[in-house]
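Q: Everything below, folded, please.
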Amino acid sequence: MNVRDFEVFKTIVESGSFSKASEQLFIAQPALTKTIQRLEKKLGVTLFERTNRIIRLTDEGQLFYETAVTMLQRMRELKIQLEDMNEHVKGHLKIGLPQIIGTFFFPQVAKVFSKKYTEVTLEIVEEGGLSIEKLVEKGEVDVAFVVIPTQSNELEEKLIFEASFVACLPINHVLKDEQQISLEQLKQDDWIMFDHTFALRQVVLDSCRKEQFVPSIAYSTTQWDLLMELIRKELGVAIVPSPLIEMGGQNLCVKEISSQYIPWKIGIVVKKNAYKTHALQAFLKIVSDVYK
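A: Numbering: from 1, shown residues only. Next comes the predicted model:
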């Protein structure tokens, strides 16, 4: 039994005959008769008296008709409510923001989204990128901005931004006059790294490994401004995404990396195959619009 069965039965009753119902529904009369016979067989009752051509309901038929009217009305109301939800997005979203990435990408999205969807609240969850990935996997965070590719097969990811890494050296470093440098030229230096919870750290380690060395790590930090200050104080070198230089690269020696292209790929991630609420769908759409 399905919604169509209710519609067919209700139309037959209200039109007063199978032939008129056939015209209204654009269904051949024998097909309507078979539909009613199938319903009666499934329900184990007789729905119409068959003594003459006049449509007359049995007691069971009357009950079925009243139920059909109610069910179809509820279906119409449900459709209207669902359409209304699409137009009036409400809810609460948890947004995962690794410390570095959040500064660059979230404010612009939040401004556009909050202006358009005033009935959705956004909660920021700040952790290192790898920790954020785990929270999205567990369903504890709805969506996150992270470095991609992620280390998880449970996440659905979409690239929104890409920039290159650059070498960041003290202003009086021995390589200050070089136009470009390779990572191998820095293998004897002390290195300053982001904390192990940062996906950026693994990008740096993998890049050094490609040039056949393991960097000597002097300091690890979760703060990008501290990392820059440690370099200024001549306590080490680092490779960082080029947008970081725009925010805090004063009094530093910045060099392009000639030996390889190291991309900083930022993506938006959600849990794979999970239900996306209207609020989440709206947020993903805004991100796509902002970072076309």
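
Q: Distance from the chain centre to stretch 197-207, please.
A: 24 Å (CA atoms, centre = their mean, to the nearest Å).

Q: Quick one: mean pLDDT over that stretch.
A: On average, the pLDDT along stretch 197-207 is 91.

Q: Just the strands from the stretch 151-292 of the chain, written as ranges.
A: Taking DSSP state E, counting those that start in this stretch to define them, one finds strands in the stretch 151-292 of the chain at 155-169, 180-181, 190-194, 216-221, 238-241, 253-257, 263-271.

Q: Any idea which of the ones you listed gets closest to residue 123?
A: The closest of those to residue 123 is strand 263-271. By CB to CB, the value is 15.5 Å. Glycine gets a C-beta too; all of them are placed from N, C-alpha and C.

Q: ok, how many other residues are close to the nearest residue to residue 282 once chain neighbours are set aside?
A: Closest residue to residue 282 apart from its sequence neighbours, by CB to CB, 6 or more residues apart in numbering: residue 89 at 4.9 Å. When neighbours are defined as other CB atoms under 10 Å, residue 89 has 19 of them.

Q: what do you get for residue 79?
A: 10.

Q: State the helix or strand in which it lies.
A: Secondary structure assigned from DSSP states H and E places residue 79 in helix 59-87.

Q: could you point out which element follows that helix?
A: The element immediately downstream of helix 59-87 (helix or strand, assigned by DSSP H and E) is strand 91-97.

Q: Please name every helix or strand in contact with the helix holding residue 79.
A: helix 3-15, helix 29-43 (3 or more CB pairs under 8 Å, 6 or more residues apart in numbering; DSSP states H and E).

Q: Apply 10 Å and report the result again.
A: Helices and strands touching helix 59-87, by 3 or more CB pairs under 10 Å, 6 or more residues apart in numbering; DSSP states H and E, are helix 3-15, helix 29-43, strand 48-49, strand 56-57, helix 278-290.

Q: and residue 274, backbone torsions?
A: Dihedral angles of residue 274 (phi, psi; degrees, to the nearest 10) stand at phi -90, psi 150.

Q: With residue 154 as the reference, measure out to it.
A: Using CB to CB, to the nearest Å, residue 274 is found at 9 Å from residue 154.

Q: I figured residue 276 hits residue 142, correct?
A: Yes. Using CB atoms under 10 Å, residue 276 makes contact with residue 142 at a distance of 8.8 Å.

Q: who touches both of these two?
A: 270, 283, 284 (CB atoms under 10 Å, 6 or more residues apart in numbering).

Q: For those residues, pick the one with the most neighbours.
A: Highest count within these by other CB under 10 Å belongs to residue 283, 26 neighbours.

Q: Contacts only, for that one.
A: With CB under 10 Å, 6+ apart, residue 283 has these contacts: 89, 91, 93, 95, 109-110, 113, 117, 120, 122, 142-143, 268, 270, 276-277.

Q: Next one, pLDDT for residue 87 please.
A: pLDDT at residue 87 comes out at 65.

Q: what do you get for residue 21?
A: 88.

Q: cool, residue 52 as well?
A: At residue 52, pLDDT is 66.

Q: circling back: wait, which of the helices and strands packed on helix 59-87 is closest to residue 162?
A: Shortest distance between residue 162 and the helices and strands packed on helix 59-87, using CB to CB, is found for helix 278-290: 14.9 Å.

Q: quick one: that closest one to strand 263-271, angle?
A: For helix 278-290 against strand 263-271, the angle by axes from the mean of the first three to the mean of the last three CA atoms, to 10 degrees is 160 degrees.

Q: Pull the distance from helix 278-290 to the chain's centre.
A: The answer for helix 278-290 is 8 Å, by CA atoms, centre = their mean.

Q: Pull out the buried residues from it.
A: Within helix 278-290, the residues scored as buried using 16 or more other CB atoms under 10 Å are 278, 279, 280, 282, 283, 284, 286, 287.

Q: Restricting to C-alpha, output that helix in CSV.
A: Taking Å, rounded to 0.1, in the frame of the first residue of the first chain, the C-alpha atoms of helix 278-290 are listed here in CSV:
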residue,chain,number,x,y,z
HIS,A,278,19.9,22.2,5.5
ALA,A,279,22.1,24.4,7.6
LEU,A,280,25.2,22.4,6.7
GLN,A,281,24.3,22.4,3.0
ALA,A,282,23.8,26.2,3.1
PHE,A,283,27.2,26.6,4.8
LEU,A,284,29.0,24.5,2.2
LYS,A,285,27.3,26.5,-0.6
ILE,A,286,28.5,29.8,1.0
VAL,A,287,32.1,28.4,1.2
SER,A,288,31.9,27.5,-2.5
ASP,A,289,30.6,30.9,-3.4
VAL,A,290,33.3,32.8,-1.4
